[in-house]
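> Predicted structure and sequence below. I'll ask about it afterward.
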Amino acid sequence: MSCLQDWPEPVVRVQSLSESGISAIPDRYIKPPSERPSIKSDHHQLGAGEGGVNIPLIDLGSLLDNLDDKTTLNRIWEACRDWGFFQIVNHGVSPDLMHRTQELWRDFFHLPLEMKQVYSNSPKTYEGYGSRLGVEKGAFLDWGDYFFLHYLPPELCDQNKWPAFPESCREVTQEYGIQLVRLCKVLMKILSVNLGLQEQYLQNTFGGEDIGACMRVNFYPKCPQPDLTLGLSSHSDPGGMTILLADDRVPGLQVRRGDDWVTVKPVPHAFIVNIGDQIQVLSNAEYKSVEHRVIANPVQERLSFAFFYNPKSDLLIQPAKELVTSDRPALYPPMTFDEYRIYIRTKGPRGKSQVESLKSPSPC
């Protein structure tokens, strides 16, 4: 990542823009017309999410100790192939811990700006307090701030770079990470078994116990012109698997469904799970990493926590040999996660252009 220098322009905090009382957003945040959210469509999908169209909701409880529940396994299999997203309840993570994590980080983003600026990040690692992705000068920006922190491997996890205030933030975030890693290991077993592979296949391919994990706390301030911008542009996640703790009071995540965008209605105390590009590659596209984005809200701020469970950065990731046949050849070349993620860290979120560009051409 040493090729990435500092930000090409002075960093502006979106929260500060929002709190200044502006009635129109700066031009840098106005998306091209083709990328803007459709208010009519979004309103319809929000209503549908209350009882109609929504990502699958799955009770994970029966699979926490063993993988004998074929009905639930099959529901996850279908969700991974069809949606690339699903919500889970009864997942084994403490609801009280989830709530405390949310409240502490909300308090962080409402600290005075000078206290947050101590943790300002750079594109060299993205670790810390940030307000943009990508280093292209003059790029369109998203309406959101964030805090990015490393969790695994241990040598990358420097808690001194995590917020010292609120006072218990580091301790609670550490416990949250412990419980999320435990949950991810269960999900990796499920995903492996559903592919017809050994339980530990995906975990071992990621590096066994020597994997990567990091978290991005997203803060989306109120926006006076939500029809012109996005909280986070359309993208598929470059890593392995993402566990999202969403704000169940303020929907904002949208998942691409064909030519439409479905606004996810989060269930209280649930996690949203989505397949990342690395697992799409390993599954030889049996599982889909699907485009998603975040819409802005004119009246309420929104907070979410994306926990990324990734391969060890220097391991080659390629389609599992058990899933490669003469009828279905390997769709992707071997590549390390370090090589792969340089794309989004340089260019910012760009739909599924990275993983699709790697596909081998179909034989004539």
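Thanks, I have it.

> Can you tell me the SS state at the closest residue to residue 168 other than its chain neighbours?
What sits nearest to residue 168 in space, not counting adjacent residues and going by Cβ to Cβ, 6 or more residues apart in numbering, is residue 104, at 6.5 Å. Placement of C-beta: from N, CA and C, glycine included. Judged by DSSP: H, G, I helix; E, B strand; the rest coil, the three-state class of residue 104 is helix.

> Residue 192 - that's part of a strand, no?
No - assessed with three-state DSSP, residue 192 is helix; it does not lie in a strand.

> returning to that earlier point: who's in contact with the residue nearest to residue 168?
166, 168, 169, 172, 173 (Cβ atoms under 8 Å, 6 or more residues apart in numbering).

> isn't residue 115 right up against residue 169?
No - here residue 115 does not reach residue 169: they are 11.9 Å apart, not a contact under Cβ atoms under 8 Å.

> Which one of these two is surrounded by more residues?
Using other Cβ atoms under 10 Å as the criterion, residue 115 and residue 169 rank with residue 169 on top: 20 against 13.

> Just list the residues touching that one, thanks.
Residue 169 is in contact with 104, 105, 107, 108, 162, 163, counting by Cβ under 8 Å, 6+ apart.

> Filter the residues you listed down to the buried ones, PyMOL style.
Restricted to buried positions by 16 or more other Cβ atoms under 10 Å, the PyMOL selection for these reads:
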select buried, resi 104+105+108+162+163
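
> quick check, nearest of the contacts of residue 169 to residue 81?
residue 105 (33.3 Å; Cβ to Cβ).

> so that closest one sits right up against residue 217, yeah?
Yes - applying Cβ under 8 Å, one finds residue 105 in contact with residue 217, separated by 5.1 Å.

> ok, and the helix or strand in this structure with the lowest average confidence?
Ranked by mean pLDDT, DSSP states H and E, the weakest helix or strand in the chain is helix 39-49, scoring a mean of 44.

> Now do the closest residue to residue 269 other than its chain neighbours, the pLDDT please.
Nearest residue to residue 269 in three dimensions, chain neighbours excluded: residue 95, at 4.5 Å (Cβ to Cβ, 6+ apart). Residue 95 is assigned a pLDDT of 98 by the prediction.

> Near residue 95, how many other residues are there?
As a burial measure, residue 95 scores 10 neighbours (other Cβ under 10 Å).

> any idea how far the residue nearest to residue 168 is from residue 281?
Counting by Cβ to Cβ, to the nearest Å, the gap from residue 104 to residue 281 is 35 Å.

> again with residue 273
18 Å.

> before we move on, what about residue 62?
29 Å.

> neighbour-wise, which of the two wins?
residue 281 (27 against 14).

> Check which helix or strand the residue lying closest to that one once chain neighbours are set aside maps to.
Spatial nearest neighbour of residue 281, excluding adjacent residues (Cβ to Cβ, 6+ apart): residue 332 at 4.6 Å. Following DSSP states H and E, there is no helix or strand that holds residue 332.

> Mind listing what's buried along the very next helix or strand once past the least confident helix or strand of the chain?
Reading on from helix 39-49 to the C-terminus, the next helix or strand found by DSSP H and E is strand 57-59. Residues of strand 57-59 classed as buried: residue 58 (neighbour count, 16+ other Cβ under 10 Å).

> Outside of strand 57-59 itself, list whatever touches it.
Under Cβ under 8 Å, 6+ apart, the answer for strand 57-59 is 72, 75, 76, 79, 86, 87, 88, 89, 90, 267, 270.

> Residue 66: which of those residues is nearest?
Taking Cβ to Cβ as the measure, residue 66 sits nearest to residue 72 out of the contacts of strand 57-59, at 11.3 Å.

> quick one, what contacts that closest one?
Shown in contact with residue 72 (Cβ under 8 Å, 6+ apart): 58, 59, 60, 62, 63.

> could I get these as JSON lines with distance to residue 288 and pLDDT?
Below are these laid out as JSON lines (distance: Cβ to Cβ, whole Å; pLDDT from 0 to 100):
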{"residue": "58", "distance to residue 288": "17", "pLDDT": "98"}
{"residue": "59", "distance to residue 288": "22", "pLDDT": "98"}
{"residue": "60", "distance to residue 288": "20", "pLDDT": "98"}
{"residue": "62", "distance to residue 288": "25", "pLDDT": "96"}
{"residue": "63", "distance to residue 288": "21", "pLDDT": "97"}
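
> from those, which two are the most distant?
Using Cβ to Cβ, the contacts of residue 72 reach their maximum pairwise distance at 58 and 62, which is 10.0 Å.
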